[in-house]
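S.K.: coords below, sequence missing:
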C-alpha cells in the first residue's frame with residue numbers, strides 16, 4: 001500500500017494546477033511573455049515557480065492565477 005504525503009511541496013504554494021512541462025511551453029511562455037497555462041497576457045505580479053533553473057521566470061494571467069491559487073507578489 002502506498003500513501004500520499006500530506007506535506008505540501010515547498011515550491012507548490014498549495015497549487016492544484018495542471019503540471020507545467022518546460023519542454024512543452026512555447027518560446028513566449030518560456031520568456032514570461034505569455035501565461036504559462038493559457039498563453040494569455042501574463043501579469044508580472046503572479047509569478048509561477050518551476051523546478052528548473054533559477055533564471056526561468058514564468059507568469060500567470062489574472063484568470064489562471066485566480067483559478068489555480070497563485071499568490072500575488074507585491075512589487
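M.R.: Right, received. Where do you want to start? On a predicted model such as this, the values are computed, not experimentally measured, just so you know. Residues are numbered from 1 along each chain as shown.
S.K.: Next, the buried residues of stretch 43-50.
M.R.: Within stretch 43-50, the residues that qualify as buried are 43, 46, 47, 48, 49, 50, counting by 16 or more other Cβ atoms under 10 Å. Backbone N, C-alpha and C define where each C-beta goes, glycine included.
S.K.: Stretch 66-75 too?
M.R.: Buried residues in stretch 66-75, counted by 16+ other Cβ under 10 Å: 68, 70.
S.K.: Let me see the mean pLDDT of it.
M.R.: Averaged over stretch 66-75, pLDDT sits at 88.
S.K.: Kindly report the same for stretch 46-63.
M.R.: Averaging pLDDT along stretch 46-63 yields 84.
S.K.: Can you flag which of the buried residues of stretch 43-50 belong to helices?
M.R.: Per DSSP state H, helices hold no members of the buried residues of stretch 43-50.
S.K.: Include distance to residue 57 when you put those residues into CSV, please.
M.R.: Formatted as CSV, the buried residues of stretch 43-50 follow (distance: Cβ to Cβ, whole Å):
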residue, distance to residue 57
43, 13
46, 11
47, 7
48, 9
49, 10
50, 9
